[in-house]
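> what follows is a predicted structure for the sequence shown.
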Amino acid sequence: MSLFAVLLAAQAAAAPAPVVPARITRLLERTPVIDGHNDLAWEIRERHDGKVEDVDLTRDTAALPYPLQTDIPRLRQGGVGGQFWSVWIPAAVTGPRAVEMTLEQIDVVRRVVAANPGSFMLVKTAADVRRAQQAGKIASMIGIEGGHQIDGRLSVLRQMKELGVGYMTLTHGKSIDWADSSTDAPRANGLSAFGRDVVAEMNRIGMIIDVSHVADTTMAAVLDLSKAPVIASHSSARAIANVPRNIPDDLLRRIGAAGGVVMVNVYPAFLSTEWRAWDQARTAFGKAQGLATDVYGAKAPAPLIAWDAAHPMPRVTAATVADHVEHIARIAGKGSVGIGGDYDGIGGTAPEDMGGVDGYPRLFAELARRGWSDGDLAKLAQGNVLRVMEQVEAVAANQRNLRPVDAIEPD
């Protein structure tokens, strides 16, 4: 047995997974989780050349040579009844190729849904979500993860909406000419004139504005402009873990006051300052050895496995996720918090008792232990994000007579 396996075995022995109360099972059967963000489509592209037929989601994908965190049995076990599938592409891909690659990723999602008609249903509206759940299906929606994916053209944005895209994250890890990222130097002073046109057009067509990844200045500018509530599809609380990708309290309050929802991410680097520091030290060691550092566990290079054994990973559990949920609820209100795990987009990492999409009941059990009512848990699971979807749809309906914005980002 490897040193890493010994470490994991000891960790598991020290922290057995808690039993999920029947109350939580019943709750998630009635009001299943709508998860704001999952990167399975990119993993299918990277690990399987986009060949959907090579990935049998009816089986445990954790057993694949490159394990995944998502499959249909685990979605069912996790009480997931709605999923926004991310069609992320690298922020370095720009121009027409970004549009082409986004279309390819939309195609992956649509083929995944078509290949599993007994489990998935492609939907666009809140009413569609409810119909899918009543039919026993996992409502499947699509989210673009970066404004670079529309190549500065609102015509492209509109066509993405026609293809079923429900939200767009305004930036990913790099700033673009019209919006600034939380993890890059600013280029747009929050939002440029074209960026303001994007916000207005998203309101007009009924596409949810996603403020995960964006700079604080961009988030504030969006909140100043948008007529509809926004989401942060996979973000956590900066007061708990001081990470640029997390949201500070002043903006949490503004999102809550505007009726928006912050959907908590489960990436340990966004949940725990200690875990992030550990990972940074691990990355520095690996890079000094010329090693890839984005692989964890038994498939990591041998020197990193040895380093992991010598430097125990800080514990991150469902209780850590619950700390973020509770903080956001205190600041923004219990009507403004949701779940956006980011599974299959976090390098295989996760809280130790929430290793895949089957882990959500443990989070709900922890919150129930802390005194959350069934009504508040139901809002966390899906009620809050469904309300945002309905409000976005209502804003669009009120603007149905407005003409499309014809702006193109200046060269």
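Thanks, I have the structure now. Numbering: from 1, shown residues only.

> following the chain past the longest helix anywhere in the chain, name the next helix or strand.
Longest helix of the chain, by residue count under DSSP state H: helix 96-115. Next in sequence after helix 96-115, counting helices and strands by DSSP states H and E, comes strand 120-122.

> what strands flank that following strand, and is each parallel or antiparallel?
Counting by DSSP bridges, the strands paired with strand 120-122 are strand 138-145 (parallel).

> state the mean pLDDT of the strand it pairs with.
Per-residue pLDDT values over strand 138-145 give a mean of 98.

> quick check: angle from it to helix 96-115?
Computed by axes from the mean of the first three to the mean of the last three C-alpha atoms, to 10 degrees, the angle separating strand 138-145 from helix 96-115 equals 170 degrees.

> can you map out the helices along the stretch 151-300 of the chain?
154-162, 193-205, 216-225, 249-257, 268-271, 273-288 (DSSP state H, counting those that start in this stretch).

> what's the answer for the stretch 301-411 of the chain, then?
All helices of the stretch 301-411 of the chain, identified by DSSP H, counting those that start in this stretch, fall at 302-310, 318-332, 360-369, 374-378, 384-398.

> export those helices to TSV and tack on distance to residue 206, mean pLDDT and mean neighbour count?
To be clear about C-beta, it is placed using only N, CA and C from the backbone, and glycine gets the same treatment. Shown next, in TSV, are the helices of the stretch 301-411 of the chain (distance: least, C-beta to C-beta, whole Å; pLDDT from 0 to 100; neighbours: other C-beta atoms under 10 Å):
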stretch	distance to residue 206	mean pLDDT	mean neighbour count
helix 302-310	46	93	16
helix 318-332	23	98	23
helix 360-369	28	98	23
helix 374-378	25	98	17
helix 384-398	3	98	19
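
> which stretches of the stretch 1-150 of the chain have low pLDDT?
1-18 (pLDDT under 70).

> for it, what spans make up the helices?
3-14, 22-30, 40-48, 72-77, 96-115, 126-134.

> out of those helices, which is closest to residue 399?
Closest approach to residue 399 among these (C-beta to C-beta): helix 126-134, 17.7 Å.

> which other residues reach the closest one?
Residues outside helix 126-134 that contact it (C-beta atoms under 8 Å, 6 or more residues apart in numbering): 32, 34, 81-82, 121, 123, 138-141, 382, 386, 389-390, 393.

> by how many degrees do it and strand 138-145 diverge?
Per the same axes, to 10 degrees, the angle that helix 126-134 makes with strand 138-145 is 140 degrees.

> how near is residue 388 to residue 174?
For residue 388, the distance to residue 174 (C-beta to C-beta, to the nearest Å) stands at 27 Å.

> and what of residue 291?
Noted for residue 291: a distance of 25 Å to residue 174, by C-beta to C-beta.

> could you do residue 121 as well?
Taken as C-beta to C-beta, the span from residue 121 to residue 174 is 34 Å.

> and what of residue 127?
Residue 127 sits 36 Å away from residue 174, going by C-beta to C-beta.

> what do you get for residue 246?
For residue 246, the distance to residue 174 - C-beta to C-beta - is 18 Å.

> of the two, which one has the most company?
Between residue 246 and residue 174, counted using other C-beta atoms under 10 Å, the more crowded position is residue 246 (24 against 18).

> grab the nearest non-local neighbour of the more buried one.
Computed as C-beta to C-beta, 6 or more residues apart in numbering, the closest residue to residue 246 that is not its neighbour in sequence is residue 238, at 3.9 Å.

> count of residues packed around that neighbour?
21.

> out of everything not next to it in sequence, what's closest to residue 28?
Closest residue to residue 28 apart from its sequence neighbours, by C-beta to C-beta, 6+ apart: residue 79 at 2.9 Å.

> what residues does the one you found make contact with?
Neighbours of residue 79 in contact, by C-beta under 8 Å, 6+ apart: 24-25, 28-29, 32-33, 360-361, 364, 381.

> a markdown table for those, including distance to residue 161?
As requested, the contacts of residue 79 are exported to a markdown table (distance: C-beta to C-beta, whole Å):
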| residue | distance to residue 161 |
| --- | --- |
| 24 | 35 |
| 25 | 36 |
| 28 | 30 |
| 29 | 32 |
| 32 | 25 |
| 33 | 25 |
| 360 | 29 |
| 361 | 33 |
| 364 | 32 |
| 381 | 26 |
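
> and the residues you listed, which of them are buried?
For the contacts of residue 79, a neighbour count by 16 or more other C-beta atoms under 10 Å gives the buried set as 24, 28, 32-33, 360-361, 364, 381.

> let me know the closest of these to residue 192.
Nearest member of the buried ones among the contacts of residue 79 to residue 192, counting by C-beta to C-beta, is residue 33, at 35.9 Å.

> what sits opposite the closest one in the beta ladder?
Counting by DSSP bridges, residue 33 is bridged to residue 80.

> that one is in contact with residue 81, isn't it?
Yes - when contacts are counted by C-beta atoms under 8 Å, residue 33 is listed as touching residue 81 (6.5 Å).

> any residues in contact with both of those two?
Each of residue 382 lies in contact with both residue 33 and residue 81 under the rule C-beta under 8 Å, 6+ apart.

> now residue 277: how far from residue 221?
Separation of residue 277 from residue 221 (C-beta to C-beta): 31 Å.

> one more: residue 324?
According to C-beta to C-beta, residue 324 and residue 221 sit 25 Å apart.

> now do residue 352: how many residues are near it, please.
20.

> per-residue confidence at it?
Confidence score, pLDDT, at residue 352: 96.

> for it, which non-adjacent residue is closest in space?
Residue 352's closest residue in space is residue 317 (C-beta to C-beta, 6+ apart), at 5.7 Å.

> repeat for residue 149
Closest residue to residue 149 apart from its sequence neighbours, by C-beta to C-beta, 6+ apart: residue 102 at 4.4 Å.

> that neighbour and residue 163 touch, don't they?
No - when contacts are counted by C-beta under 8 Å, residue 102 is not listed as touching residue 163 (9.4 Å).

> so for those two, which sits in the more crowded spot?
Set side by side, residue 102 and residue 163 show more neighbours around residue 102, with 26 against 15, by other C-beta under 10 Å.
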